[in-house]
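Q: below is the sequence, then the predicted model.
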Amino acid sequence: MTVTIPLLSLRNVSRSFGTFKAVTDVSEDFGPEELNCIIGPNGAGKSTLLNMICGTLAVSSGSIHFGDESIGGMSGDKIARLGIARKFQVPSVFPSLSVVENFHVSASNALSANELDEILSTVNLSVDRDTTASELPHGKKQWLEIGMALSMQPKVLLLDEPTAGLSVDETRATSEFLRTLRGKVTVVVIEHDMAFVRDLKAHTMVLHHGKVIASGSFEDIENNDLVRDVYLGRR
Ligand SMILES: Nc1ncnc2c1ncn2[C@@H]1O[C@H](COP(=O)(O)OP(=O)(O)OP(=O)(O)O)[C@@H](O)[C@H]1O
Ligand SMILES: [Mg+2]
């Protein structure tokens with residue numbers, strides 16, 4: 001029998017802002033090289049949770065393990081160096097640099113030509129490799145930023161609403177390329193777009209008022225009465 005050790009393991013993770021509890025007792029395992037989705041209404045605590053995993057925010061209580069290393073409370077820089085890369089909710093790229101230059105600046109180690117080509121093709125930017133970032137349309141800026149995170153050759157890729165402001169076609173293309181990362185990198189993606197989450201076929205966890213109310217396959221989530229009540233809306 002093989003036992004899969006979770007790559008990222010959260011135990012009773014909580015975060016308060018003053019007396020307000022934004023995240024309460026979240027316990028969840030993210031296996032190696034799996035796709036995972038976090039959904040939930042506005043203010044559910046999704047970004048707060050991601051911010052704690054990447055070290056932008058300290059945990060108030062609970063533990064976060066990356067492999068056998070405890071990372072709750074580590075600095076963001078140190079966590080990034082361990083192999084956890086993150087794309088923020090608002091795109092931040094180097095506007096005056098080309099796509100390829102943006103990747104080189106983000107890379108933790110020099111990227112080989114093959115690695116660079118692979119990242120370019122993964123995020124659909126091969127034809128735009130020499131385009132200045134500021135000239136890219138919004139959708140491609142989002143992809144550029146995902147490519148920048150991949151340039152760090154991370155073990156875990158955290159994405160906060162990567163399809164915000166994207167067209168239907170761009171959203172579909174994004175879920176297609178994220179699916180190709182299965183087996184290569186552990187992806188944790190926060191999303192609002194249900195069509196996207198359905199397409200992704202990822203392990204899905206639902207946050208509501210800072211608590212996990214359901215966790216499982218998208219089919220499980222979609223058929224969960226509590227989730228339908230608070231989030232998907234009963235028809
Ligand atoms: N730095 C902060 N100080 C005080 N309250 C905060 C802070 N950051 C987040 N909150 C509060 O915590 C709650 C969770 O916020 P969070 O940004 O994690 O939600 P979210 O699920 O990402 O929402 P959205 O879908 O709108 O992005 C919200 O009520 C928010 O106002
Ligand atoms: Mg958010």
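A: Here it is on my side, so go on. Ligands and ions are numbered 1, 2, ... in the order given.
Q: now A107: how far from ligand 1?
A: 28 Å (CB to the nearest ligand atom, to the nearest Å). For glycine as for every other residue, the C-beta is placed from the backbone atoms N, C-alpha and C.
Q: sorry, wrong one. I was asking about P154.
A: 21 Å.
Q: surely that residue meets R81?
A: No - look at P154 against R81 with CB atoms under 8 Å: they stay out of range, at 10.2 Å.
Q: so for the two, which residue has more residues nearby?
A: P154 (19 against 12; other CB atoms under 10 Å).
Q: which residue, other than its chain neighbours, is closest to the more buried one?
A: Distances taken as CB to CB, 6 or more residues apart in numbering put A85 closest to P154, at 3.7 Å, once the chain neighbours are dropped.
Q: just say helix, strand or coil for the one you found.
A: strand (DSSP: H, G, I helix; E, B strand; the rest coil).
Q: name whatever forms a beta bridge with it.
A: Residues in a beta bridge with A85, per DSSP bridges, are L157.
Q: now do the buried residues in the helix or strand of the chain with the lowest mean pLDDT.
A: In the chain, no helix or strand scores lower on mean pLDDT, DSSP states H and E than helix 194-200, which sits at a mean of 87. The neighbour-count check on helix 194-200 (16 or more other CB atoms under 10 Å) flags F196, V197, R198, D199, L200 as buried.
Q: quick one, what contacts the fourth one?
A: Counting by CB atoms under 8 Å, 6 or more residues apart in numbering, D199 makes contact with R172, S175, E176, R179.
Q: highest neighbour count among the residues you listed?
A: S175 (22 neighbours).
Q: quick check: longest helix of this structure.
A: helix 138-151 (DSSP state H).
Q: need the residues that contact it.
A: Outside helix 138-151, the residues touching it (CB under 8 Å, 6+ apart) are 85-88, 91-93, 99, 102-108, 111, 119-120, 122-125, 128, 133, 136, 157, 159, 162-167, 170, 174, 177, 185.
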